[in-house]
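Novice: Predicted coordinates and the sequence they were generated for:
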Amino acid sequence: QLVETGGGVVPAGGSLRLSCAASGFSLDGYAVDWFRQAPGKERERISYVTSDDIVNYVDSVKGRFTISRDNAKNTLYLQMTSLKSEDTAVYYCAREVLVSSYYSFYDHWGQGTQVTVSS
């Protein structure tokens, strides 16, 4: 299972670090992604890190969020800084299985952790 922790209530401009710990399977060798879902909106992928440590961010979090992984601890992280009210959402992690250059799927999801940014 994947378990996210680190969510909470933080004032605008503040920081939080989310963790996503895997148990029962390895994250090593896989891409791992962070998603979020705000109230009334669809879930969106905001960042991922590949097995080769290539990272990518959606424009809305670029320069403020940093994704990282520690394969020895089988854990994914998301450092979030300069938080805004629009970052309020439930944050999820997921392990991504790359089938080809054009197709992948997610075989494990966490239960989510709530992040609330107060303005």
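Specialist: Great, that's in hand.
Novice: Touching, Ser68 and Thr75? I think so.
Specialist: No. In this structure, Ser68 is not within contact of Thr75 by CB atoms under 8 Å, at 9.3 Å. Every C-beta, even on glycine, is put in place using the N, C-alpha and C of the backbone.
Novice: so who does Leu78 touch?
Specialist: Shown in contact with Leu78 (CB atoms under 8 Å, 6 or more residues apart in numbering): 17-18, 20, 34, 47, 65-67, 91.
Novice: same thing but at 7 Å, please
Specialist: 18, 34, 47, 65, 67 (CB atoms under 7 Å, 6 or more residues apart in numbering).
Novice: Ser68 and Thr75: which has the busier surroundings?
Specialist: Thr75 (19 against 13; other CB atoms under 10 Å).
Novice: so how far is Thr50 from that one?
Specialist: 16 Å (CB to CB, to the nearest Å).
Novice: Okay, now the unreliable bits of this protein?
Specialist: Counting by pLDDT under 70, the chain shows no low-confidence range.
Novice: which residues of it fall in strands?
Specialist: 2-5, 8-11, 16-22, 31-37, 44-49, 55-57, 65-70, 75-80, 89-98, 104-109, 113-118 (DSSP state E).
Novice: quick one: the most centrally placed residue in the chain from Ser119, how far?
Specialist: Centroid-nearest residue in the chain, with CA atoms, centre = their mean: Trp34, separated by 2.3 Å. When distance is defined by CB to CB, Trp34 is 23 Å away from Ser119.
Novice: again with Met80
Specialist: 16 Å.
Novice: out of the two, which sits in the busier spot?
Specialist: Each of Met80 and Ser119 has its neighbours counted (other CB under 10 Å); Met80 has more, 24 against 9.
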